[in-house]
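Task: produce atomic coordinates for the following.
(4 chains)
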Protein chains: 2
Amino acid sequence: MSRTAPTAALSLVHKIGKKAQQNDRIYEEMFTAILEQRLAPGTKLSEDTLGEIFGVSRTIVRTVLQRLAHERIVRIHPNRGAFVSEPTPDEAREVLQARRLIEEGVMRLAVARRTVTDVKNLRAMVGQEQESLDKGAHETWVRQSGDFHLKLAAIAGNQTLAAYIKELVSRTSLIIVQYQKGSSSSCSCDEHTDIIDAIEAQDEDKAVDLMLRHLQACEEQLNLKTEDAATDLYAVFSKISGK
Amino acid sequence: MSRTAPTAALSLVHKIGKKAQQNDRIYEEMFTAILEQRLAPGTKLSEDTLGEIFGVSRTIVRTVLQRLAHERIVRIHPNRGAFVSEPTPDEAREVLQARRLIEEGVMRLAVARRTVTDVKNLRAMVGQEQESLDKGAHETWVRQSGDFHLKLAAIAGNQTLAAYIKELVSRTSLIIVQYQKGSSSSCSCDEHTDIIDAIEAQDEDKAVDLMLRHLQACEEQLNLKTEDAATDLYAVFSKISGK
DNA sequence: TTAAAAAATATTGTACACAAAATAAATAAA
DNA sequence: TTTATTTATTTTGTGTACAATATTTTTTAA
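Take a look at the predicted model:
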């Protein structure tokens, strides 16, 4: 168990006052990696390996994994270990349904509370999204795209709802990796821009409508079949069996 | 989420294969204690003491505390320890706002999906609520009252939303302990009954309206002042200072 | 060669030890 | 007596050791 001492880590530790949140740093690192789809669903997250990578003991890694598990981004199988979540089709539908429900409410709050600064910031964010998309920086774009929804929650001014949306957005990222059909990653920058326009005009119903369509469009890009693997076997070989 | 058989915890452990979820048992125990208001907000949750009580090492206790902290029922102050959460007035308003938003959506789903069995079960639950209330079993009633809302989420068929409601309901319990004015614990059994009637009639709008009023009534029973402690000092002694 | 059983290896679960920090207690100074 | 400083005690944070469980490899039998 060689202890690699990440130089940046030490300086950060020294700066903040303590290693206070050594685990916060590692959490952030892993969360971002999953959100940006650099860690594929199903990937085994070995405690020893992660400890080696981040230069900490399994104790810390364990804490982080449990936190990610509570956010449903990681799944812990007892005595088997932690894995990046592989949401089922049912779970995917649930998450999208929850997002429609919560983000509609958040949108109504946001439209009522938005300041001119908020609108300006939102436009800046979409600008960066577009930039990443042009540059082909897919990973960055995915994260920024999610940040847009988080920002709306922040404007709405309810941290509890914001936390839920953060969770749902990251789970959506995993869902898209698993179920997006083709590479039909239609740029949603335009949709985001339209939404901002409605927010600026304080047209609540329109903003909500656009958001719901946005999420609906997202779900329609997915290939969520109902049948499970076992059933598939029969379906796949139905011609062969001659039934 | 809770699949533990309360009484036969030990035998279960042996049966399922191992102490598999030793920590699940402890989590359930602590969660219920907080929900039933047997652990007051602000109570220090010492790791050593809890380990002593439950007969496990601090490692396990720590895991449970972190889980409770993620659900916002417990607050962990770094290097200081874990305490039962003391929601601020702002937090209280947030939680109630989130509940109105999410439970409205859940209600619409539940009304559409409810079966006759669901309605029967709901009525049975309210019956037990009334029973506890008559018996003066306040602790039990508080839990059962929350279970009613959880059951609606179950009927709606979205586990993600159900998990959020579980969190919000337990946080509400803490909020009520802290901010309920007087002992104006008006029995909400009648309100629950009215809601069931609307669900049975599949009158979506009425069910939603009743639920929103129900939650509104809850919030109105609270004493949520805006000013913080520091400001209070001046307000309290304004007469004395003669200002 | 394939399949099953057994042994070896690796990984997770939990207790415990020690370090770091906070709290409480005791002492010293005003 | 009160306040400030120092010391002692308690409590949390993290690493490590060992036990329990899973996984892989090897051996054995068909």
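
pull the longest helix from chain A.
helix A:89-113 (DSSP state H).

residues in contact with the strand or helix carrying residue A:123?
Element membership of residue A:123 [criterion: DSSP states H and E] is helix A:116-135. By Cβ atoms under 8 Å, 6 or more residues apart in numbering or on different chains, the surrounding residues in contact with helix A:116-135 are A:110, A:138, A:140-141, A:144-145, A:147-148, A:151-152, A:155, A:187, A:189, A:192-193, A:196, A:199-200. For the C-beta atoms, the positions are set from N, CA and C on the backbone; glycine is no exception.

Show me how far the helix or strand following it is from its chain's centre.
Remark: after helix A:116-135, the chain's next helix or strand is helix A:138-156, criterion DSSP H and E. The chain centre lies 9 Å from the centre of helix A:138-156; the measure is Cα atoms, centre = their mean, to the nearest Å.

For chain A, give the residue positioned nearest to DNA strand D.
residue A:57 (3.1 Å; Cβ to the nearest atom of the strand).

how deep is residue A:171 tucked in, by neighbour count?
A count of nearby residues for residue A:171, using other Cβ atoms under 10 Å in any protein chain shown, gives 25.

dump the residue contacts of it.
Contacts were defined as Cβ under 8 Å, 6+ apart; by that measure residue A:171 touches A:72, A:73, A:85, A:87, A:91, A:95.

Residue A:67 and residue B:67, how far apart?
9 Å (Cβ to Cβ, to the nearest Å).

typo on my end, residue A:205
Going from residue A:205 to residue B:67 by Cβ to Cβ gives 40 Å.

Those two: which is more packed in?
With neighbours defined as other Cβ under 10 Å, residue A:205 and residue B:67 compare such that residue B:67 has more, 21 against 11.

Next up, identify which helix or strand the residue most central in space within chain A is on.
Geometric centre of chain A, nearest residue: residue A:170, 1.6 Å, by Cα atoms, centre = their mean. If you go by DSSP H and E, residue A:170 is part of helix A:159-179.

How about residue A:206?
Per DSSP H and E: helix A:204-220 holds residue A:206.

packing partners for that helix?
Identification of packing neighbours for helix A:204-220 by 3 or more Cβ pairs under 8 Å, 6 or more residues apart in numbering or on different chains; DSSP states H and E yields helix A:89-113, helix A:189-200.

right, and those helices - which one's nearest residue B:79?
helix A:89-113 (34.6 Å; Cβ to Cβ).

packing partners for the closest one?
By 3+ Cβ pairs under 8 Å, 6+ apart, helix A:89-113 packs against helix A:138-156, helix A:159-179, helix A:189-200, helix A:204-220, helix B:89-113, helix B:159-179.

hmm, back to that, quick check: pLDDT value at the residue of chain A closest to DNA strand D.
For residue A:57, the pLDDT comes out at 97.

I'd like to know how far it sits from residue A:64.
In terms of Cβ to Cβ, residue A:57 sits 12 Å off from residue A:64.

Please name whichever of the helices and strands packed on helix A:204-220 is nearest to DNA strand C.
Nearest of those (Cβ to the nearest atom of the strand): helix A:89-113, 21.7 Å.

Buried residues in the closest one, which are they?
Using 16 or more other Cβ atoms under 10 Å in any protein chain shown as the test for burial, helix A:89-113 gives A:89, A:91-111.

quick one, domains of chain A?
A:12-84, A:89-220 (automatic domain parsing).

Go through the ones you listed and pick out the most buried.
domain A:89-220 (a mean of 18; mean count of other Cβ atoms under 10 Å in any protein chain shown).

Show the end-to-end separation of it, please.
Terminal residues of domain A:89-220 are spaced 13 Å apart (Cα to Cα, to the nearest Å).

Which positions in chain A make contact with DNA strand C?
Within chain A, the positions adjacent to DNA strand C are A:18, A:44-48, A:58-59, A:62, A:76, A:78-82 by Cβ under 7 Å from any atom of the strand.

Near chain B, list only the ones from those residues.
A:78, A:79 (Cβ under 8 Å from any Cβ of the partner chain).

The residues of chain A next to DNA strand C in helices, which ones?
A:47, A:48, A:58, A:59, A:62.

correct me, but the second one touches residue A:57?
No: applying Cβ atoms under 8 Å as the test, residue A:48 and residue A:57 come out as separate, 9.7 Å apart.

Any stretches of chain A with poor pLDDT?
Within chain A, the ranges that satisfy pLDDT under 70 run A:1-20, A:184-187, A:227-243.

How about the residues of chain A by DNA strand D?
A:1, A:19, A:22, A:23, A:56, A:57, A:58, A:59, A:60, A:63, A:79, A:80.

Now flag whichever of these is closest to residue B:33.
Nearest to residue B:33 among the residues of chain A next to DNA strand D, with distances taken as Cβ to Cβ, is residue A:63, at 23.5 Å.

Show me what the residue in chain A positioned nearest to DNA strand C is bridged to.
With Cβ to the nearest atom of the strand as the measure, residue A:81 is the residue of chain A nearest to DNA strand C, at 3.2 Å. Taking DSSP bridges as the rule, residue A:81 bridges to residue A:77.

surely it meets residue A:46?
Yes: counting by Cβ under 8 Å, residue A:46 is a contact partner of residue A:81 at 6.6 Å.

hmm, back to that, now the helices and strands packed on helix A:89-113 in JSON lines, with distance to residue A:31?
Formatted as JSON lines, those follow (distance: least, Cβ to Cβ, whole Å):
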{"stretch": "helix A:138-156", "distance to residue A:31": "10"}
{"stretch": "helix A:159-179", "distance to residue A:31": "7"}
{"stretch": "helix A:189-200", "distance to residue A:31": "22"}
{"stretch": "helix A:204-220", "distance to residue A:31": "21"}
{"stretch": "helix B:89-113", "distance to residue A:31": "22"}
{"stretch": "helix B:159-179", "distance to residue A:31": "18"}
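
follow-up on the earlier one: and the helix holding residue A:123, how far out from the chain middle?
Distance, stretch centre to chain centre, for helix A:116-135: 18 Å (Cα atoms, centre = their mean).

Could you export it as PDB, CA atoms only?
Provided in PDB are the C-alpha atoms of helix A:116-135 (Å, rounded to 0.1, in the frame of the first residue of the first chain):
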ATOM      1  CA  VAL A 116     -32.000  40.600 -14.100                       C
ATOM      2  CA  THR A 117     -28.700  39.300 -12.900                       C
ATOM      3  CA  ASP A 118     -30.100  35.800 -12.800                       C
ATOM      4  CA  VAL A 119     -31.200  36.000 -16.400                       C
ATOM      5  CA  LYS A 120     -27.800  37.400 -17.400                       C
ATOM      6  CA  ASN A 121     -26.000  34.600 -15.600                       C
ATOM      7  CA  LEU A 122     -28.200  32.000 -17.200                       C
ATOM      8  CA  ARG A 123     -27.400  33.400 -20.700                       C
ATOM      9  CA  ALA A 124     -23.700  33.300 -19.900                       C
ATOM     10  CA  MET A 125     -24.100  29.600 -18.900                       C
ATOM     11  CA  VAL A 126     -25.800  28.700 -22.100                       C
ATOM     12  CA  GLY A 127     -23.000  30.600 -23.900                       C
ATOM     13  CA  GLN A 128     -20.500  28.300 -22.300                       C
ATOM     14  CA  GLU A 129     -22.500  25.300 -23.100                       C
ATOM     15  CA  GLN A 130     -22.500  26.300 -26.800                       C
ATOM     16  CA  GLU A 131     -18.800  26.900 -26.600                       C
ATOM     17  CA  SER A 132     -18.100  23.400 -25.200                       C
ATOM     18  CA  LEU A 133     -20.400  21.900 -27.800                       C
ATOM     19  CA  ASP A 134     -18.500  23.700 -30.600                       C
ATOM     20  CA  LYS A 135     -15.200  22.600 -29.200                       C
END
